[in-house]
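**Student:** Please work out how this folds:
(one chain, ligands or ions: 1)
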Amino acid sequence: MSQPLQYRPLRRSTLDVSELVQDGRVHSAVFTDRDIYEQELDRIFHGSWLYIGHTSEVPKKGDFRTRQMGKQPVVMIRGTDGQVRVLLNRCRHRGAVVCEKEAGNTKHLRCWYHGWVYDSTGRLTQVPAVEAYGEDFTLEKMSLASPPMVEEYRGFIFASLSANVVPLRDHLGKAAEMMDLLIDASPVGEIRVSAGVHKTVYRGNWKLVGMDGYHVHYVHASVIAAWNRNSDTGIGATHRGDPFDDHSASRTRDLGHGHAMLDLTTHRMSHYEKFTEMLAGVTGGTEYVQAMHAKHGEKARLLISLAGDPHVGFFPNLQLINNQIRIMNPLGPDETEVLMFPVLFEGVSSELNEMRLRQHESFYGPAGSGSPDDGEIFERVQKGLHAQVEPWVEISRGMNREKTLDDGTVEGLITDEVPQRGQFREWLNLMTGDAK
Ligand code: FES
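**Tutor:** Okay, here's the model as predicted:
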């Protein structure tokens with residue numbers, strides 16, 4: 001007869017991070033423990049590449065958006081020189097934020113504490129009664145600070161608060177190709193993130209979000225039932241049938257560096273005819289299909305079928321899913337903010353973009369058929385994880401059948417926990433290694 005399990009309280013001072021991720025399982029402390037969370041902020045959110053925003057969010061000189069890098073507030077702003085910068089949102093005097101609005105356009109960033117003024121490039125331009133600081137004090141030395149690393153990939157701005165990181169392109173690796181699948185779904189190869197944002201906060205850990213092909217049949221059972229009936233759920237014709245069955249050609253992929261995807265390509269391409277038929281009923285839909293074929297030849301079928309949805313997560317804070325860019329902001333070990341930005345295509349009719357917005361709302365909106373259920377299940381998970389008699393979380397599904405491909409990526413069936421293992425490999429690397 002097996003022995004009853006004994007409750008083993010976590011001893012924070014002795015918690016060894018390197019023991020918390022093991023083959024096919026992780027300790028629930030990685031989701032619940034405040035000390036671990038603080039280490040995550042230091043080593044992951046303040047120590048590696050984070051997605052900040054898209055250049056199309058700040059199209060005009062002086063446009064800005066405030067964002068978070070872990071606990072640290074930043075402003076993404078297009079300066080008078082046209083350059084998009086990421087600046088720490090902290091006055092060089094005594095530290096007040098210099099930009100309190102979420103978005104807008106400004107010539108100056110003015111600190112309301114003592115009136116210091118910075119221009120849109122971050123340069124300090126005015127200090128009231130500056131002579132009191134003495135001769136050594138110069139405005140030039142007191143510009144707003146920037147993260148040491150800021151780089152762009154096709155309009156996607158990333159920054160790192162640590163200089164000890166690989167170049168962005170190396171960090172993105174194979175996953176950059178998936179970003180291309182979104183951008184190149186526009187007939188002119190440009191997207192526009194101008195449709196606003198909707199936000200949700202759930203009481204659960206930030207690592208619970210996404211890239212899980214196993215939950216769909218249960219958390220989203222009603223949606224799958226509708227797809228199986230070939231009903232129109234508002235998402236579009238490529239979403240009919242069941243791509244989340246292990247008998248399907250759908251796959252999970254670990255792309256390296258914690259980036260992972262649910263690859264629904266085969267399923268989506270099998271619906272190409274139905275999807276283009278549906279597009280033909282939208283003003284500008286036929287012209288879109290023609291323009292894509294003229295530009296991309298045979299590859300147009302893939303790009304049109306995916307409709308800009310590579311369904312990929314970039315560790316740790318970005319996902320490109322369905323018609324949205326999604327940012328995850330950790331607010332605590334048990335609280336996460338998710339920002340969802342619907343993506344519009346440049347070079348298409350307004351009706352086609354309107355369709356994309358309605359599709360987004362149908363699943364991810366506050367009254368959508370999917371996203372609210374995800375938030376609910378994440379909260380149930382977080383609640384359950386506090387039961388610590390047996391503290392391990394199982395992520396071994398499909399370990400015995402996953403394959404490492406020639407390009408080094410790992411492939412599994414659609415319900416396999418390949419993405420979770422890939423994400424935790426990177427988590428462990430960042431939490432225990434010397435970065436890079
Ligand atoms: Fe900004 Fe004093 S803190 S002017």
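
**Student:** The chain against the ligand: which residues are in contact?
**Tutor:** The chain has residues 91, 93-96, 111, 113-116 near the ligand, with proximity defined as CB under 6 Å from any ligand atom. The C-beta positions use only the backbone N, C-alpha and C, and glycine is treated the same way.

**Student:** show me where the stretch 51-200 of the chain has helices.
**Tutor:** For the stretch 51-200 of the chain, the helices defined by DSSP state H, counting those that start in this stretch cover 168-172, 175-183.

**Student:** cool, and the stretch 251-400 of the chain?
**Tutor:** 265-270, 272-280, 285-296, 299-306, 350-364, 371-385.

**Student:** Can you redo those helices as CSV, where the extra columns are mean pLDDT and mean neighbour count?
**Tutor:** Below are those laid out as CSV (pLDDT from 0 to 100; neighbours: other CB atoms under 10 Å):
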stretch, mean pLDDT, mean neighbour count
helix 265-270, 93, 18
helix 272-280, 94, 16
helix 285-296, 98, 17
helix 299-306, 97, 20
helix 350-364, 92, 19
helix 371-385, 92, 17
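
**Student:** So for Ser369, what pLDDT did the model give?
**Tutor:** Note on Ser369: pLDDT of 78.

**Student:** cool, and Asn230?
**Tutor:** 68.

**Student:** Can you show me the strands along the stretch 101-250 of the chain?
**Tutor:** Assigned by DSSP state E, counting those that start in this stretch, the stretch 101-250 of the chain shows strands spanning 103-105, 108-110, 117-119, 124-126, 149-153, 156-160, 191-192, 198-202.

**Student:** In CSV: the ones you listed, plus distance to Leu139 and mean pLDDT.
**Tutor:** Below are those laid out as CSV (distance: least, CB to CB, whole Å; pLDDT from 0 to 100):
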stretch, distance to Leu139, mean pLDDT
strand 103-105, 23, 98
strand 108-110, 13, 97
strand 117-119, 10, 98
strand 124-126, 5, 98
strand 149-153, 22, 98
strand 156-160, 24, 98
strand 191-192, 36, 98
strand 198-202, 37, 93
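
**Student:** out of those, nearest to Ala280?
**Tutor:** strand 191-192 (22.8 Å; CB to CB).

**Student:** What is that closest one packed up against?
**Tutor:** strand 344-345 (3 or more CB pairs under 8 Å, 6 or more residues apart in numbering; DSSP states H and E).

**Student:** Please compute how far the strand it packs on lies from its chain's middle.
**Tutor:** 18 Å (CA atoms, centre = their mean, to the nearest Å).

**Student:** cool, stretch 289-305 as well?
**Tutor:** So, by CA atoms, centre = their mean, the centroid of stretch 289-305 is 26 Å from its chain's centroid.

**Student:** Could you do stretch 352-367 as well?
**Tutor:** So, by CA atoms, centre = their mean, the centroid of stretch 352-367 is 18 Å from its chain's centroid.

**Student:** Return it as CSV; C-alpha atoms alone will do.
**Tutor:** Extracted in CSV, the C-alpha atoms of stretch 352-367 (Å, rounded to 0.1, in the frame of the first residue of the first chain):
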residue,chain,number,x,y,z
LEU,A,352,-11.5,43.4,-45.3
ASN,A,353,-10.0,45.0,-42.3
GLU,A,354,-13.4,45.4,-40.7
MET,A,355,-13.9,41.6,-41.2
ARG,A,356,-10.6,41.0,-39.4
LEU,A,357,-11.8,43.1,-36.5
ARG,A,358,-15.1,41.3,-36.2
GLN,A,359,-13.3,37.9,-36.4
HIS,A,360,-11.0,39.1,-33.5
GLU,A,361,-14.0,40.2,-31.4
SER,A,362,-15.9,37.0,-32.0
PHE,A,363,-13.3,34.8,-30.1
TYR,A,364,-11.2,37.3,-28.1
GLY,A,365,-13.6,40.1,-27.2
PRO,A,366,-15.2,40.5,-23.7
ALA,A,367,-18.2,38.6,-24.9
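
**Student:** With the ligand as the reference, measure out to Arg358.
**Tutor:** Applying CB to the nearest ligand atom, to the nearest Å, the value for Arg358 to the ligand is 44 Å.

**Student:** Check the gap between that residue and Glu102 for me.
**Tutor:** Distance, Arg358 to Glu102, using CB to CB, to the nearest Å: 24 Å.

**Student:** what helices or strands is the helix or strand containing Asp35 leaning on?
**Tutor:** Using DSSP states H and E, Asp35 falls within helix 34-40. Contacting helix 34-40 under the criterion 3+ CB pairs under 8 Å, 6+ apart are the following elements: strand 324-332.

**Student:** Tell me the buried residues in the strand it packs on?
**Tutor:** Across strand 324-332, burial judged by 16 or more other CB atoms under 10 Å covers 324-330.

**Student:** how many neighbours does whichever residue of the stretch 151-300 of the chain sits closest to the ligand have?
**Tutor:** At 21.0 Å from the ligand, Leu161 is the closest residue in the stretch 151-300 of the chain, using CB to the nearest ligand atom. Neighbours of Leu161 under the rule other CB atoms under 10 Å: 21.
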